[in-house]
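A.B. asks: make a model of this:
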Amino acid sequence: MNVINKKIELSDGRVIEIETGKLAKQADGAVVVKMGGTMLLATVTCAKEAAEDVDFLPLQVDYKEKFYSAGRFPGGFMKREGKASDYEVLISRLVDRALRPLFPDDFHLAVFVQILLISADKDTQPDALAGLAASAALAASDIPFLGPISEARVVRIDGQFKINPTFSEMEKADIDLMVGATFENIMMVEGEMKEVSEHDMLEAIKFAHEEIKKQCAVQTELNKELGKDIKRDYPHDENDEDLRKALHEFCYDKCYALAKSAKPKHEREDGFEAIKEAFIETVPEEDREAKAYMITRYYNATEKEAMRNMILDEGIRLDGRTTNQVRPIWCEVGYLPCAHGSAIFTRGETQSLASVTLGTKLDMKEMDEVLVHDSQQFVLHYNFPPFATGEAKAQRGVGRREIGHGNLAMRALKAVMPLAPENPYAVRVVSDILESNGSSSMASVCGGCLALMDAGVKIKKPVAGVAMGLITDAEKPNERYAILTDILGDEDHLGDMDFKVTGTKDGITATQMDIKVDGLSYEVLEKALEQARQGRMHIMGEMMKCISEPREDYKPFVPRIKQILIPSDFIGAVIGKGGETIQQIQKETGTTITITEDGDHGVVDIYSTDKEALDKALETIKNICAVPEVGKVYHGKVVSILDFGAFIEIMPGKEGLLHISEIAWGKTDKVEDVLNIGDEIDVKLLEVDAKTGKMRLSRRALLEKPEGYVEPEHHPRTSGGRRDDRRGGDRRSFHRDDRREGRRDDHRSFRHDDRRSENDTKPQETSGSFDTNDSKPDFDNQEENKEELF
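C.D. replies: Below you'll find the predicted structure:
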């Protein structure tokens, strides 16, 4: 077994190790990338033959996290890993976007890259190692690939850049970028920021590239050491040079003229198709079928060449705009009368219908990844139905592209979203793309921002986004180029770089960048980012004409929320045994109530569209958590009767003892002579035991004292005397065992833990309950208890 290890030392001394030759040896290439306790197994396999008439690269990148890597069971009934989560899809896309441009143009064999997280250190972010692992697996194979590449996460913490930070360090970062690059060129950038400048973002990219160069150099060494620098042969495209020249001469000028005509999208597409069909008519009929694939390939190249040259030579674009011009924009808010917030954002032939829904904490998205366990208060979902481009086909689920575009729009708005406790709502934004001709993700950002303001969500600042393109001369990319603002769909496909930038008036909040050209300088990137800033400000100005700040209040049918803090000791009392109390409150008031524990207090959120119901639920919870005051009069309910008194509930869940001697001024032979279970009476709180919280109540203190009333004389206890001997034969004899049995039969024990949920183990020190088992009078020590009893 020939095992080879390579090490990469980061600038802070941490080490990344690449190992090959031990695992998955039947794959075309396989490596294990280690950093601390985190291990990624990356494999690559390649088909031997290409599918017929395939003119693209069938590359599939899959990132998968194994729950055993962190010693966990997967959730769900089956208890095994299922389809890829959104988190795994997003990492797969990051790797795919960096790898795909580096395969040869005529390489059409199916390639499968699989990256598995097989060991997970709880504070190491594995996604930052996925690109390195995939590229190293390709370096360990003989599959044609123009790499290597690597990816690194760069953040800025307290003004200092850092590569591949830990999970715990991320909270302090104001820049979070994932950068993919070869030794020479930046290939891919994606991330979020907290309103930073274009200059700061470029500095972060440069910093990451320097670290990536080290990782690429080590992969090159590995490739040569394994003898894989000689790549396998593969089926190349069949070519007919005479056919290519004939097609170019016939079609180029026609394509140039049509591109310059500034026709609408579908008319332009039909026109290009007509030019292609006209050329096919010139080909001998017996050769058409055999040469159909080559004709399509040559025609696409000619059409692309004509459009690129038109833009570079004349500065004119497909729809007649100049390079820095934004398409016409119109907006409308409140279009959906029953949604919590809505907006239409239309820019040229791209349109987004954005909606906002406000919910409770129960509606928050729960993330349960191997290493990420969190509740997402804010989510944004992006939908791209086929009719948006006029396609006649069914929509089948959510694709990777939709997940990626939605994530970019969510990151763009996240920086300005108010979070708890300022905003107690769960917020969901949905962007339905109704028309598309370029930059639908940026339309989602703009539409989502407008819908949030229409809903009354107090975002910190408005956010706008713009998609940019770059077309360069292949021979002189840094001298002859055109930067395009607000690109069309066709301009996206024919360009050398497309990037999207979102932000407020004060800085960038998110970006996504894909570069397909070699040797592009940072100076050109800086100019492109400045032009993007100008375009973004223009779009924001158009948005502000529609609505410039969040509405003062929510829509009438948005559930209102009242939030109170309660001592943690009362959480169990509000929930009740098995959730009985809180469920009863919700049933009686029609509200939704959530409770979360935060340090030494509980946060109670009450949701309802009915103000009266909201106030009723709030008052009930306040009463449960209220602390009874000595000397105050309470209107209570008789909940149980014993031989020596009655228990009165003076507040929800709070009961005190009304002793038989405190029922009336005169002698009371039996409690039932005066009170019955269910009676409502006024009582005065005489005393709360400082240690136990038990309450002593009095009814007679509220009654007028009879004229001439004299308190009965209390005789001191004589040794061995029985109670009926001391106080007269007309008094009942209370034997200790009899009282115990009677209590077990007639009265439940109000213990502190009865008022807490089954999952809540914190002690409840101030419940205000009276525990009959702990506090029944001790008649063997009558003198000590006389004052308490009488």
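
A.B. asks: tell me, how many residues neighbour the residue lying closest to Leu59 once chain neighbours are set aside?
C.D. replies: Excluding the flanking residues, the one nearest Leu59 by Cβ to Cβ, 6 or more residues apart in numbering is Val111, at 4.9 Å. In short, each C-beta sits where N, CA and C put it, glycine included. Neighbour count for Val111, taken as other Cβ atoms under 10 Å: 24.

A.B. asks: how about Gly578?
C.D. replies: 10.

A.B. asks: from Thr596, how far out is it?
C.D. replies: From Gly578 over to Thr596 the distance is 19 Å, taken as Cβ to Cβ, to the nearest Å.

A.B. asks: just the mean pLDDT for the helix or strand hosting Ser441, thanks.
C.D. replies: Using DSSP states H and E, Ser441 falls within helix 440-455. Summarised as a single mean, pLDDT over helix 440-455 is 98.

A.B. asks: pull the CA atoms of that helix into CSV?
C.D. replies: What follows is helix 440-455, C-alpha atoms only, in CSV (Å, rounded to 0.1, in the frame of the first residue of the first chain):
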residue,chain,number,x,y,z
SER,A,440,-33.8,37.2,-11.2
SER,A,441,-31.9,36.7,-7.9
MET,A,442,-31.3,40.5,-7.7
ALA,A,443,-34.9,41.1,-8.5
SER,A,444,-35.7,38.9,-5.5
VAL,A,445,-33.5,41.0,-3.3
CYS,A,446,-35.2,44.3,-4.5
GLY,A,447,-38.7,42.8,-4.3
GLY,A,448,-38.0,41.2,-1.0
CYS,A,449,-36.8,44.5,0.5
LEU,A,450,-39.9,46.3,-0.8
ALA,A,451,-42.2,43.6,0.6
LEU,A,452,-40.6,43.7,4.0
MET,A,453,-41.1,47.4,4.2
ASP,A,454,-44.7,47.0,3.1
ALA,A,455,-45.2,44.4,5.9
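
A.B. asks: list the residues that contact the residue nearest to Leu59.
C.D. replies: Contact analysis of Val111 by Cβ atoms under 8 Å, 6 or more residues apart in numbering lists 44-47, 57-60, 103, 143.

A.B. asks: state the pLDDT value of it.
C.D. replies: pLDDT at Val111 comes out at 97.

A.B. asks: can you name the next helix or strand after the helix ranked longest in the chain?
C.D. replies: Using DSSP state H to define each element, the chain has its longest helix at helix 285-314. Moving toward the C-terminus from helix 285-314, the next helix or strand (DSSP H and E) is strand 329-333.

A.B. asks: in the chain, where is pLDDT below threshold?
C.D. replies: 713-790 (pLDDT under 70).

A.B. asks: repeat that for 80
C.D. replies: 1, 52-53, 420-421, 652-653, 707-790 (pLDDT under 80).

A.B. asks: can I have the buried ones of the contacts of Val111 as a ChimeraX selection?
C.D. replies: Here is the ChimeraX command that selects only those of the contacts of Val111 that count as buried (16 or more other Cβ atoms under 10 Å):
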select :44,45,46,57,59,103,143
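
A.B. asks: in strands, which of the contacts of Val111 fall?
C.D. replies: Among the contacts of Val111, the residues falling in strands (DSSP state E) are 44-46, 59-60.

A.B. asks: so can I have TSV of those showing distance to Asp240?
C.D. replies: Conversion of the ones in strands among the contacts of Val111 to TSV gives the following (distance: Cβ to Cβ, whole Å):
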residue	distance to Asp240
Val44	33
Thr45	32
Cys46	27
Leu59	27
Gln60	31
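
A.B. asks: out of those, the closest to Thr511 would be?
C.D. replies: Taking Cβ to Cβ as the measure, Thr511 sits nearest to Leu59 out of the ones in strands among the contacts of Val111, at 23.8 Å.

A.B. asks: pretty sure that closest one sits against Leu109.
C.D. replies: No. When contacts are counted by Cβ atoms under 8 Å, Leu59 is not listed as touching Leu109 (9.6 Å).

A.B. asks: make sure I have this right: Ser355 is in a strand.
C.D. replies: Yes. Secondary structure of Ser355 (DSSP: H, G, I helix; E, B strand; the rest coil): part of a strand.

A.B. asks: run a quick neighbour tally on Lys527.
C.D. replies: By other Cβ under 10 Å, neighbour count at Lys527 equals 14.

A.B. asks: quick check: which element contains it?
C.D. replies: Here Lys527, judged by DSSP H and E, is contained in helix 522-544.

A.B. asks: list the buried residues for that helix?
C.D. replies: 524-525, 528-529, 531-533, 535-536, 538-540, 542-543.

A.B. asks: C-terminal to that helix, what's the next element?
C.D. replies: Sequence-wise, the next helix or strand downstream of helix 522-544 (DSSP H and E) is strand 560-567.

A.B. asks: any idea which helix or strand comes after that next one?
C.D. replies: Next in sequence after strand 560-567, counting helices and strands by DSSP H and E, comes helix 571-575.

A.B. asks: show me what that following helix is packed up against.
C.D. replies: helix 580-589, strand 592-598, strand 601-608, helix 611-625 (3 or more Cβ pairs under 8 Å, 6 or more residues apart in numbering; DSSP states H and E).

A.B. asks: what about the ones you listed, which gets the closest to Ala24?
C.D. replies: Set against Ala24 and scored by Cβ to Cβ, the helices and strands packed on helix 571-575 come closest in strand 592-598, at 44.5 Å.

A.B. asks: buried residues in the closest one, which are they?
C.D. replies: By neighbour count on 16+ other Cβ under 10 Å, the buried set for strand 592-598 is 592-595.

A.B. asks: mind putting those into a markdown table with distance to Lys214?
C.D. replies: Listed next are the buried residues of strand 592-598 as a markdown table, based on distance: Cβ to Cβ, whole Å:
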| residue | distance to Lys214 |
| --- | --- |
| Thr592 | 54 |
| Ile593 | 55 |
| Thr594 | 49 |
| Ile595 | 51 |
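
A.B. asks: and which of these is nearest Arg400?
C.D. replies: The shortest gap between Arg400 and any of the buried residues of strand 592-598 belongs to Thr594, at 33.7 Å (Cβ to Cβ).

A.B. asks: from what I can see that closest one touches Val604, true?
C.D. replies: Yes. Between Thr594 and Val604 there is a contact under Cβ under 8 Å: 7.5 Å.

A.B. asks: so how far is Ala70 from Ala140?
C.D. replies: 27 Å.

A.B. asks: circling back to that earlier point, next one: the residue nearest to Leu59 from Gly359, what distance?
C.D. replies: Distance, Val111 to Gly359, using Cβ to Cβ: 43 Å.

A.B. asks: kindly report the same for Asp473.
C.D. replies: From Asp473 over to Gly359 the distance is 52 Å, taken as Cβ to Cβ.

A.B. asks: repeat for Lys83
C.D. replies: 25 Å.

A.B. asks: out of these two, which sits in the busier spot?
C.D. replies: Comparing Lys83 with Gly359 by other Cβ under 10 Å, the one with more neighbours is Gly359, at 17 against 6.

A.B. asks: that one pairs with what?
C.D. replies: Beta-bridge partners recorded for Gly359 (DSSP bridges): Ala426.

A.B. asks: pretty sure it contacts Asn423?
C.D. replies: No. In terms of Cβ under 8 Å, Gly359 does not count as a neighbour of Asn423; the distance is 11.8 Å.

A.B. asks: residue contacts, the residue sitting nearest the centre point of the chain?
C.D. replies: Closest to where the C-alpha atoms of the chain average out (Cα atoms, centre = their mean) is Gln376, at 3.7 Å. Gln376 makes contact with 364-367 under the criterion Cβ under 8 Å, 6+ apart.

A.B. asks: and if we set it to 6 Å?
C.D. replies: Lys365 (Cβ atoms under 6 Å, 6 or more residues apart in numbering).

A.B. asks: next: Ile593.
C.D. replies: Neighbour list for Ile593: 582, 586, 606 [criterion: Cβ under 6 Å, 6+ apart].

A.B. asks: and it, how close does it get to Glu422?
C.D. replies: In terms of Cβ to Cβ, Ile593 sits 20 Å off from Glu422.

A.B. asks: now the closest residue to Arg533 other than its chain neighbours. Its backbone dihedrals?
C.D. replies: Closest residue in space to Arg533, ignoring its immediate chain neighbours: Glu198 at 6.3 Å, by Cβ to Cβ, 6+ apart. Dihedral pair for Glu198: phi -60, psi -40, per degrees, to the nearest 10.
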